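Trainee: attaching a predicted model along with its sequence, questions to come.
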Amino acid sequence: MSDLFKFNNINLDVLTETYNMPFYLSYMSKWPEAFLVAEAPQPHMDSSSSSSPPSCLMGYMIGKSEGTNKCWHGHVSAVTVAPTYRRLGLAKTLMDDVERLSANVYNGFFVDLFVRASNRLAIEMYEKFGYVKYRRVLGYYCSAEVSEDAWDMRKALVRDGKKDSVVPLDRPVRPEDLDW
C-alpha cells in the first residue's frame, strides 16, 4: 500500500484526475494485470552503498474489463504521465499495453475511456492513437461547484472487424444512461 504514495509526483499535477485510496486498491485487487506503472531507471549503485535510491514513477495506467456481449471491452480509468516525462511517447506505450491486454486477454471488442470535453490536448492525443469520439456524456464530471461533459472515446479491436463499436452516436447521453 505504501507504493501508492509514490504516485504523488504524478497525482499532484493539475492535469491528473486523482482518486481516493480505496479506488486504487479496488483496481489493484480486481484487475492487477491492468494496473500498469512506468518506473524511471535507477542510477547504478556502487558496491559500497547498502541501500538503493527511491524509484521515481514516470506514469501509470489503470484499466479494467467490463460490459456484456458485443459491449465487452477494456476500459481505461486513468492514464497519466508525470510532467517531467511527457512528450516521450510514454502515454502511447501505456495505451498500447492496455489495448493488447484488452484484445489478447479480455478478448474485448473495443477499448474506451472518458475525457473532459475541455481537455483539447488529451482529445487530440487520443485521436492520434486511433480513438474516436463515440458519444458526449452530459455532466459526467460533477463537483459542488461545476459540472462538465465528457467524451466517451473508443478504439475498435480486432474482434470488432466491422468497427460497429465505434460508430458515433448522433446525440448526447447522461451518466445514468451508460450501460456500465
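Mentor: Everything's here; your move.

Trainee: so what touches stretch 92-99?
Mentor: Stretch 92-99 is contacted from outside by 34, 36, 38, 59-61, 63, 74, 76, 79, 81, 111, 129, 155, 157, using CB atoms under 8 Å, 6 or more residues apart in numbering. For every residue, glycine as well, the C-beta is placed using N, CA and C.

Trainee: now with 6 Å?
Mentor: 36, 61, 63, 74, 76, 79, 111, 129 (CB atoms under 6 Å, 6 or more residues apart in numbering).

Trainee: closest to P168 out of those residues?
Mentor: V111 (15.9 Å; CB to CB).

Trainee: which SSE is immediately downstream of the helix-or-strand element of the chain with minimal mean pLDDT?
Mentor: One helix or strand of the chain scores below all others by mean pLDDT, DSSP states H and E: helix 8-11, with a mean of 58. Note on helix 8-11: by DSSP states H and E, the next helix or strand toward the C-terminus is helix 21-30.

Trainee: packing partners of that following helix?
Mentor: With contacts taken as 3 or more CB pairs under 6 Å, 6 or more residues apart in numbering; DSSP states H and E, helix 21-30 sits against no other helix or strand.

Trainee: picking that back up, next, format the contacts of stretch 92-99 as TSV and append neighbour count, secondary structure and pLDDT.
Mentor: Below are those laid out as TSV (neighbours: other CB atoms under 10 Å; DSSP: H, G, I helix; E, B strand; the rest coil; pLDDT from 0 to 100):
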residue	neighbour count	secondary structure	pLDDT
L36	18	strand	89
M61	24	strand	90
G63	27	strand	94
G74	28	strand	97
V76	24	strand	96
V79	24	strand	91
V111	27	strand	98
F129	15	coil	97
